[in-house]
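Novice: what's the 3D shape of this:
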Amino acid sequence: MRPRHIGVVACSTEGAALCYRTISLVGGLRIGRHAHPEISLHSHPLSEYMDFIRQDRWDGVADLMLSSAEKLARAGAEFLICPDNTCHIAFPMVRPRSPLPWLHIGEVVAQEARRRGYRRLGITGTRYTMEGPMYPEVLAAAGLEHRTPGAASRERIDRIIFDELVNGRFTQESLRFFQDEIAGLRDAGCDAVVLGCTEIPLLVPPEASPLPTLDSTRLLAEAAVEHALLPR
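Specialist: Sure, this is the predicted structure:
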């Protein structure tokens, strides 16, 4: 039976590209050589999202996500994903108005953390993700604790993401900083770290992390393939 058509509501280029690539690779493993579910992707410019995010206008973020959702529905997508953690702060305004069902990136991460037996997660991501309500809510609902880096570290992580990672720049200096911060989360009792910005996995591979990683981008892509293969 034909897999479900995946719609990708993209925000930042690097994270969306990694998600797309992972869907293709995982599809080949799950379905057969050179195979993957049908994929459509739509992206408003990151600048349009950032205009609303900097103003704390999550209704505007939701409107952009829903604009993409409508276009993807018309293109034949059967369900949606958004490989962007920060945008999920607007998700409570998106889901009730959406033309299609969604997989939620934070819920996918929480489910995998429980499957692996983790109890306390360190959260890295944009300042909006680390300080916002999305991960605290989904992790608490899953019975999981969380910690974040300190305020100064959150600011530097945010700068690295927006000045470097979303532009495809990955430096050894920034990797060392992330490694130090993840080690600090380990010392605070975390047993895994959420790479909660979809570009962070491109900077911090699992073998370079002082803690086991929960790669939100690849986990979402893998979950999308599994969902696409469910019986109708």
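Novice: what residues go with each domain of this structure?
Specialist: Domain ranges of the chain: 6-104+219-228, 106-215, per automatic domain parsing.
Novice: could I get those domains in CSV, plus columns for mean neighbour count and mean pLDDT?
Specialist: Using the backbone N, CA and C atoms, a C-beta is placed for each residue, glycine as well. Shown next, in CSV, are the domains of the chain (neighbours: other Cβ atoms under 10 Å; pLDDT from 0 to 100):
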stretch, mean neighbour count, mean pLDDT
domain 6-104+219-228, 19, 97
domain 106-215, 19, 98
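Novice: my guess is Leu66 meets Phe91, correct?
Specialist: No: the criterion here is Cβ atoms under 8 Å, and Leu66 misses it with Phe91 at 11.0 Å.
Novice: what touches both of those two?
Specialist: Residues touching both Leu66 and Phe91 (Cβ atoms under 8 Å, 6 or more residues apart in numbering): there are none.
Novice: what sits against Val8?
Specialist: Val8 touches 16, 19-20, 23, 39-42, 72, 80-83, counting by Cβ under 8 Å, 6+ apart.
Novice: rerun at 7 Å
Specialist: 16, 19-20, 39, 41, 81, 83 (Cβ atoms under 7 Å, 6 or more residues apart in numbering).
Novice: most widely separated two among those residues?
Specialist: Ile39 and Pro83 (11.8 Å; Cβ to Cβ).
Novice: any idea how far His53 is from Pro92?
Specialist: To be clear, residue 53 is Ile; His isn't right here. Computed as Cβ to Cβ, to the nearest Å, the Ile53 to Pro92 distance reads 16 Å.
Novice: do the same with Met1
Specialist: 33 Å.
Novice: before we move on, what about Leu80?
Specialist: Relative to Pro92, and taking Cβ to Cβ, Leu80 is found at 15 Å.
Novice: one more: Pro83?
Specialist: Pro83 is 19 Å from Pro92, by Cβ to Cβ.
Novice: kindly report the same for Pro45.
Specialist: Counting by Cβ to Cβ, the gap from Pro45 to Pro92 is 24 Å.
Novice: cool, Pro99 as well?
Specialist: 17 Å.
Novice: fine by me, we can end here.
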